[in-house]
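Colleague: Quick one, fold the following:
(one chain, ligands or ions: 1)
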Amino acid sequence: MTWWRDAVVYQIYPRSFRDSDGDGVGDLEGIRRELDYLVWLGIDTLWLSPIYPSPMKDFGYDVANYVDVDRLFGSLEQFDSLIRDAHAKGLRILLDWVPNHSSSEHPWFLESRSSRTNSRRDWYVWRDAREDGSMPNNWVRAWGEGSTWTWDGASGQYYLHCFLDSQPDLNWANVDLRLAMHDTLRFWLDRGVDGFRMDVVHLLGKDLEVDDPDDLKVLSHVPLNDVPVTHEYLRGIRAVLDEYDNERVSVGEVYLMDPNRVATYYGRGDELHLSFNFASLYTAWSADAWRDLIAATEAAMNPADAWPTWVMSNHDNVRVATRLEDDDRRVRAAMTLLLTLRGTPFLYAGEELGLRDATIPPDCVVDPGGRDGCRSPLPWDLDEPHGWPATPWLPFVEDASRFSVQAQRGERDSMLHFTKTLLDLRRRDDALRRGDTEDLMASDGVLRFIRNHEGRRVMVVVNFSDVHAEVAVKGRLLLSSAGGARAGRLAPGEAQVIEL
Ligand code: NOJ
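Modeller: Below you'll find the model as predicted:
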């Protein structure tokens with residue numbers, strides 16, 4: 001079994017995790033100091049959102065240098081210490097790699113825009129205006145307003161950007177660009193990273209010849225999605241990872257909602273090792289909806305090379321606890337699903353505390369995509385300022401004391417202890433980590449499935465309804481999300497894990 005199928009990945013948004021130097025922004029040294037907390041919790045792999053030098057227009061997803069650390073977060077030496085200490089404690093580290101676009105302040109783009117004859121002109125996507133001077137097509141950039149094209153007066157062409165105009169798209173059709181990007185992977189692989197989360201990889205291939213689509217509503221850059229040549233680029237990226245030992249892993253952000261399309265990004269075991277499957281973020285909290293999602297995912301990703309992933313929260317979306325309207329029973333049931341479904345789970349820092357989105361007053365809004373609420377800082381200590389040496393860059397969630405690590409570590413019945421118990425159970429149980437999914441069904445608001453590994457069978461039951469439910473089952477109750485005592489008898493909102 002490859003390690004990344006057994007792993008539980010914990011996403012750290014470095015700005016919001018732990019501040020060691022008192023500038024109000026989390027940093028690498030802050031992460032290093034909390035490694036023991038993460039080991040205690042029971043996760044085994046960290047993914048760090050971008051730490052590279054950046055003007056921070058998109059908070060690090062606008063990279064100005066792929067092979068260094070932003071001073072805000074620390075230094076390369078501190079990164080080396082972090083990775084050394086993490087490995088010594090049995091934790092792996094994934095970096096976030098942003099191959100679709102760089103910052104407009106990246107030296108490559110400064111060169112590219114300097115003249116039409118510059119040797120790096122073709123490292124980005126430039127197009128002439130149409131005859132009437134208008135943009136090459138009608139594509140709309142992410143976050144709703146504005147075109148994907150920005151005019152560069154000095155060189156007399158438009159450049160493409162799926163996101164902000166300060167995030168020009170790299171041109172993966174150019175072989176030199178591809179090789180340069182491969183070298184940025186090697187830089188970090190040589191330093192010992194265990195792999196990468198790869199930003200919007202479904203956008204790498206570009207088909208600029210498509211006609212102006214009429215409907216740009218779903219995802220603004222939708223016509224750019226999923227162009228076949230992308231798979232060739234991914235095979236090139238995979239080959240770089242395969243140059244290294246110990247299975248360095250790729251987790252692609254493939255922002256397509258159809259599990260069948262997501263599954264194609266695994267190739268024949270020669271593209272991504274793992275891909276996000278974001279449909280879970282948009283699935284209603286109902287037994288039928290979850291049965292359908294799980295069935296579709298299983299059908300798309302079984303038994304081929306594709307191993308599923310599951311995610312309930314991340315730095316781009318409303319946190320699961322807020323989506324579930326602060327209903328603690330549901331929040332625990334969601335964590336039970338996340339950690340018992342077949343596939344590699346991704347927890348977003350704070351999810352183990354049941355953290356909600358913060359309310360961001362208008363004068364504190366900083367993100368162009370309106371995602372500040374889910375990026376609010378982690379409360380460590382019970383008392384203000386919750387373990388942050390200076391006022392953090394975003395406000396805390398309301399009632400931060402209740403969600404703090406300190407409060408929840410001291411409370412046996414807390415969300416934190418519940419998450420830890422689930423993680424311990426999962427680590428010890430081959431059926432929960434590796435088992436097939438069998439007998440998936442939903443009826444009367446109750447979802448259930450069995451995980452079966454070589455005859456060891458464990459049933460997971462989730463009562464999505466607001467009434468008590470009974471499931472006829474003989475087995476030993478391994479865990480209840482609501483203090484239940486009898487296998488198969490579920491309170492409203494309760495989840496159970498039962499050994500058959
Ligand atoms: C997806 C990232 O998760 C998001 O935070 C970012 O804004 C866009 N890609 C652009 O890099």
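Colleague: switch to C-alpha atoms for all contacts and neighbour counts from now on
Modeller: Will do.
Colleague: Can you pull the phi/psi pair for L76?
Modeller: When quoted as degrees, to the nearest 10, the phi and psi of L76 stand at phi -60, psi -40.
Colleague: Report the contact partners of it.
Modeller: L76 makes contact with D68, V69 under the criterion C-alpha atoms under 8 Å, 6 or more residues apart in numbering.
Colleague: can you rerun that using 6 Å?
Modeller: V69 (C-alpha atoms under 6 Å, 6 or more residues apart in numbering).
Colleague: Check what pLDDT it gets.
Modeller: If you check L76, the pLDDT there is 98.
Colleague: quick one: the closest residue to the ligand within the chain from L35, how far?
Modeller: The nearest approach of the chain to the ligand comes at Y61, 4.5 Å away (C-alpha to the nearest ligand atom). Y61 sits 24 Å away from L35, going by C-alpha to C-alpha, to the nearest Å.
Colleague: per-domain residue ranges of this protein.
Modeller: According to automatic domain parsing, the chain comprises the domains 3-98+175-427, 107-160, 436-499.
Colleague: Which helix or strand in this structure has the lowest average pLDDT?
Modeller: Lowest by mean pLDDT, DSSP states H and E among the helices and strands of the chain is helix 259-263, with a mean of 91.
Colleague: secondary structure element for the closest residue to R238 other than its chain neighbours?
Modeller: Spatially, and ignoring its direct neighbours in sequence, R238 is nearest to E271 (5.6 Å; C-alpha to C-alpha, 6 or more residues apart in numbering). Assigned by DSSP states H and E, E271 falls within no helix or strand.
Colleague: Give me the phi and psi angles of the residue positioned nearest the centre of the chain.
Modeller: Closest residue to the average C-alpha location of the chain: N314 at 5.4 Å, with C-alpha atoms, centre = their mean. The phi and psi torsions at N314 (degrees, to the nearest 10) take the values phi -160, psi -170.
Colleague: got it, and the one 5 residues further on?
Modeller: The phi and psi torsions at R319 (degrees, to the nearest 10) take the values phi -60, psi 150.
Colleague: Just give the closest residue to it, not the sequence neighbours.
Modeller: Using C-alpha to C-alpha, 6+ apart, the closest residue to R319 is S313 (5.1 Å).
Colleague: What's the local residue count around R323?
Modeller: By other C-alpha atoms under 10 Å, the residues close to R323 number 19.
Colleague: Sorry, slip of the keys, the one I care about is N246.
Modeller: Neighbourhood size, N246 [other C-alpha under 10 Å]: 10.
Colleague: Kindly report the same for G493.
Modeller: Other residues close to G493 by other C-alpha under 10 Å number 25.
Colleague: secondary structure class for it?
Modeller: Recorded secondary structure, G493: coil (DSSP: H, G, I helix; E, B strand; the rest coil).
Colleague: Then I450?
Modeller: I450 ends up strand, using three-state DSSP.
Colleague: tell me the contacts of the residue nearest to R238?
Modeller: Counting by C-alpha under 6 Å, 6+ apart, E271 has contacts L234, R235, R238.
Colleague: Please enumerate residues in contact with the least confident helix or strand of the chain?
Modeller: For helix 259-263, contacts defined as C-alpha under 6 Å, 6+ apart pick out T297, A300.
Colleague: mind listing what the helix or strand following that helix pairs with, with the direction of each?
Modeller: Downstream of helix 259-263, the first helix or strand assigned by DSSP H and E is strand 274-275. According to DSSP bridges, strand 274-275 has the following sheet partners: strand 249-252 (parallel).
Colleague: got the CA coordinates for the partner strand in CSV?
Modeller: Provided in CSV are the C-alpha atoms of strand 249-252 (Å, rounded to 0.1, in the frame of the first residue of the first chain):
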residue,chain,number,x,y,z
VAL,A,249,3.1,12.6,-4.2
SER,A,250,1.0,15.0,-6.4
VAL,A,251,-2.5,16.1,-5.3
GLY,A,252,-4.1,18.1,-8.0
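Colleague: returning to that earlier point: to which secondary structure element type does the residue of the chain closest to the ligand belong?
Modeller: Going by three-state DSSP: Y61 is coil.
Colleague: Tell me, how many residues neighbour it?
Modeller: Around Y61 there are 26 residues (other C-alpha under 10 Å).
Colleague: Check it and give its pLDDT.
Modeller: 98.
Colleague: gap between it and G22?
Modeller: 23 Å.
Colleague: same thing with D466?
Modeller: 46 Å.
Colleague: So for the two, which sits in the more crowded spot?
Modeller: G22 (14 against 11).
Colleague: Quick check: residues of the stretch 201-350 of the chain near the ligand?
Modeller: Proximity of the stretch 201-350 of the chain to the ligand, by C-alpha under 6 Å from any ligand atom, involves residues D316.
Colleague: Could you find the closest non-adjacent residue to I237?
Modeller: Per C-alpha to C-alpha, 6+ apart, closest to I237 is H182, 6.6 Å.
Colleague: doesn't the one you found fall inside a helix?
Modeller: Yes: the assignment for H182, made by three-state DSSP, places it in a helix.
Colleague: Can you report how many residues neighbour it?
Modeller: 18.
Colleague: again, but for H106
Modeller: By other C-alpha under 10 Å, the residues close to H106 number 21.
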